[in-house]
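Colleague: Structure, please.
(2 chains)
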Amino acid sequence: MNDNGSDKELEEMHRREITLPDGRYMIFYTFGDEDDLKNEKNEKGEDV
Amino acid sequence: MSELRYNPLLGEWLATATHRQDRTFLPPADFCPLDPTKPGKFPTEVPEPDYDIVTFENRFPSLKRNPEPPAIESDGIYKVEPSLGICEVVLYSPNHNTTLAAEPVERIHKLVRVWRDRFESLEQHSFVKYVFIFENKGEAVGVTLHHPHGQIYAYPFVPPVVAKELVQTEKYFGENHTCLLCDVLEKELEFEKRIVALNDSFAAYIPFFARYPFEVHISPRRHLQAFTDFSKQEERGLAEIMKQVLAAFDRLFDRSFPYIMAIHQRPSDGGSYDHYHFHIEFYPPMRTAEKLKYLAGSEAGAGMFINDTLPETTAERLRDLVAPVEWK
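Modeller: Below you'll find the model as predicted:
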C-alpha cells in the first residue's frame, strides 16, 4: 500500500480569465509564486 | 443549431447539435487547434503558451449559456427545450505530444485542484444542476483532437446514469442506513483480489460488477460527495492513484491506452445527497491488445453488458503493472 508519499503542498494557484473574440471565456491556470511568474515573463520580454 | 429533446420512452433528455458535424476532425499534429498559437503561424484556439492548465468554452458546444430557440416546438409528449448549459474544454498541458498518463504526478495534482475550481465555479450558475467532468482518450472512443484534454459539461438536469446511481444509493441508505459505495469499497478491500492500487485516501479496483474488462473505479476511502469535500491530502492521494492507474493502463499493451473517464459527484441542484459517494469510473474499450469491446445488441439494445473477462483476473494483470509514484 502506498502512503501518499509526498506531503509537499501544491503551489499557489492563480487564474486569469480572458474573453475570446467570439465571446467565449478562457481561463489560464498557473501555479507558483506570483512574483516568480512575473519575473519569468519579464525575462522573456513579455508584458505582465 | 442545438436543442434538448425528451425521450418519453426512457424518461431522458438528449441534445441535438447539428453544428458539431463541422468540428475539426483529426487534424495533422502541425495544425492542432488546441496547441498554443506560435509566432508567425496560424492562429489556434489558445492565444498564449504560458499556462499549466487552461479551460475554455467549447467552440462546438452541445450546451450553451445563451442557446438559440429550438428549431421545433414542444407538442404533447414531444417536449423540446433550449440547449442551456456550459461545455468546457480543459487542456492538460501546452505540450501536444503528451498524455495525462505520461505527465508527472505533480501535473495531475494541479489538474485535481483545477477540477475542484471548475466544479465550484460552474455550480454557482442557477441553471446548472449537474457538473460532469470527463475525458475521452484515443480514437477508439471517438476522439477528434489528440492534444491532451478533458471536458466538462454543466447540465441543466441530472444526467441518467448518475440519476440511476442516486436512486440506488438512496434506496440502499434507506434500507441499511449505510452508504452503498462505502459497503462496495469495504467488500473490495476485504476480498483484495480486485484491488488495483491503494493509498491512505483512495482505492482503485475493478469492481465485482465491471462491464468492461479493465473497468477501473477509483473511490475515496472517506465518505465524500464532491471535490469540494476533499482535504489537501486527499487531493494528493487522488493524483497519486490516478498516476498509478493511468501508467499501468499504458503498460498493459505497451501503447497509449484509450479510455473514457467519468467523474461522478453529487448533483449541484441544492438537494441533499449524503447517501452518494464520489467516484471515478474508467471505461477502456480494449479487451486484448488487438481487440475492442463493442457495444453490440445486448449492450446497446437491451442494456445488459457481457464482459468477456473476469474482474478478478484483469485486476491482477493491472495490479502487477502498478509502480510506485515519484514526487519531485
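
Colleague: C-alpha only now, for contacts and for neighbours.
Modeller: Will do.

Colleague: Looking from chain A, tell me which residue of chain B is nearest.
Modeller: Using Cα to the nearest Cα, the single residue of chain B nearest to chain A is B:F56, 4.1 Å away.

Colleague: give me phi/psi at the closest residue in space to that residue that isn't next to it in sequence?
Modeller: Nearest non-adjacent residue to B:F56, counting by Cα to Cα, 6 or more residues apart in numbering or on different chains: A:M26, 4.1 Å away. Main-chain torsions, A:M26, degrees, to the nearest 10: phi -140, psi 130.

Colleague: same thing with B:P148?
Modeller: phi -60, psi 120.

Colleague: Find the residue closest to it in space, skipping its chain neighbours.
Modeller: Distances taken as Cα to Cα, 6+ apart place B:T99 nearest to B:P148, at 5.3 Å, with adjacent residues excluded.

Colleague: Could you count how many residues lie near that neighbour?
Modeller: For B:T99, the number of neighbouring residues by other Cα atoms under 10 Å in any protein chain shown comes to 18.

Colleague: how about the strands in chain A?
Modeller: Secondary structure of chain A (DSSP state E): strands located at A:13-19, A:25-31.

Colleague: Out of these, which is the most enclosed?
Modeller: Mean neighbour count, computed with mean count of other Cα atoms under 10 Å in any protein chain shown, is highest for strand A:25-31 among the strands of chain A, reaching a mean of 19.

Colleague: strands paired with it, and their directions?
Modeller: Strand A:25-31 has its sheet partners listed here by DSSP bridges as strand A:13-19 (antiparallel), strand B:53-57 (antiparallel).

Colleague: Among these, which comes closest to B:Y78?
Modeller: Among the strands paired with strand A:25-31, strand B:53-57 comes nearest to B:Y78, with 29.5 Å by Cα to Cα.

Colleague: List the contacts of the closest one.
Modeller: A:24-30, B:86-94, B:110-111, B:114 (Cα atoms under 8 Å, 6 or more residues apart in numbering or on different chains).

Colleague: Mind exporting the C-alpha coordinates of that strand to PDB?
Modeller: This file holds the C-alpha atoms of strand B:53-57, laid out as PDB (Å, rounded to 0.1, in the frame of the first residue of the first chain):
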ATOM      1  CA  ILE B  53      -3.700  24.100 -17.400                       C
ATOM      2  CA  VAL B  54      -6.300  26.100 -19.400                       C
ATOM      3  CA  THR B  55     -10.000  25.800 -19.700                       C
ATOM      4  CA  PHE B  56     -12.400  27.500 -22.100                       C
ATOM      5  CA  GLU B  57     -15.900  27.200 -23.600                       C
END
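
Colleague: on that earlier part again, could I get the strands of chain A as a markdown table with distance to B:E186 and mean pLDDT?
Modeller: Shown next, in a markdown table, are those (distance: least, Cα to Cα, whole Å; pLDDT from 0 to 100):
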| stretch | distance to B:E186 | mean pLDDT |
| --- | --- | --- |
| strand A:13-19 | 35 | 96 |
| strand A:25-31 | 36 | 97 |
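
Colleague: JSON lines please, covering those and showing distance to B:K137.
Modeller: Shown next, in JSON lines, are these (distance: least, Cα to Cα, whole Å):
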{"stretch": "strand A:13-19", "distance to B:K137": "26"}
{"stretch": "strand A:25-31", "distance to B:K137": "22"}
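
Colleague: what does stretch B:269-279 contact?
Modeller: By Cα under 8 Å, 6+ apart, stretch B:269-279 touches B:128-130, B:166, B:169-170, B:173, B:178-182, B:217-220, B:223-226, B:263-267.
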